[in-house]
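In: Pasting the sequence and the predicted coordinates here, then a few questions.
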Amino acid sequence: MAKKEIVNTFKVMAPGGTATPAPPLGPALGGNGVNPGQFIQQFNAATAELRGKVVGCVITVYNDRSFTFEIKSSPASVLIKDAAKIEKGSGVPNKDKVGSITKEQVRAIAAEKKADLNAASEEAAMRIIEGTARSMGVNVVEG
């Protein structure tokens, strides 16, 4: 049997457990040679516990039109918006602050994203999350 050859690898963001083949997800999948209906069914089953939360997904397509996918954690900005209970980040983050989160919330976000961050320690992961919060106009305050 011939070894499967990787044809394409691409990333998508979709709501966990509730993805649909409607744009923008369906056309992105179809354009890369993935059957949207098949992917959506498998993706929703794999992310049922993350219902509604936006998650990243890396999809690998093979020459026989089969595919595999790897679920990544939610983007840091989405987790920060949830923690700060805000709609969106600031348009001018250095002047207009839109909310604040505590060091403990930063620690929890860093722990959730640890596998997807290239940080050697928990403190380094926390600094990455704090930087993202600053760039969104969210203050990080002590406990």
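Out: Yep, it's here.

In: so where's this protein shaky on pLDDT?
Out: 1-2, 143 (pLDDT under 70).

In: where exactly do the helices run in it?
Out: 25-31, 36-46, 76-84, 103-113, 122-135 (DSSP state H).

In: Please identify the buried residues of the second one?
Out: Judged by neighbour count using 16 or more other C-beta atoms under 10 Å, the buried positions of helix 36-46 are 36, 39-40, 43-44, 46. (C-beta placed from N, C-alpha, C; glycine too.)

In: just how off-centre is it within its chain?
Out: 17 Å (C-alpha atoms, centre = their mean, to the nearest Å).

In: Over to stretch 107-119?
Out: For stretch 107-119 - counting by C-alpha atoms, centre = their mean - the centre lies 12 Å from the chain centre.

In: now do the same end-to-end measure for that stretch.
Out: Its first and final residues considered, stretch 107-119 spans 13 Å by C-alpha to C-alpha, to the nearest Å.

In: Among the buried residues of helix 36-46, which one lies nearest to residue 18?
Out: residue 44 (7.0 Å; C-beta to C-beta).
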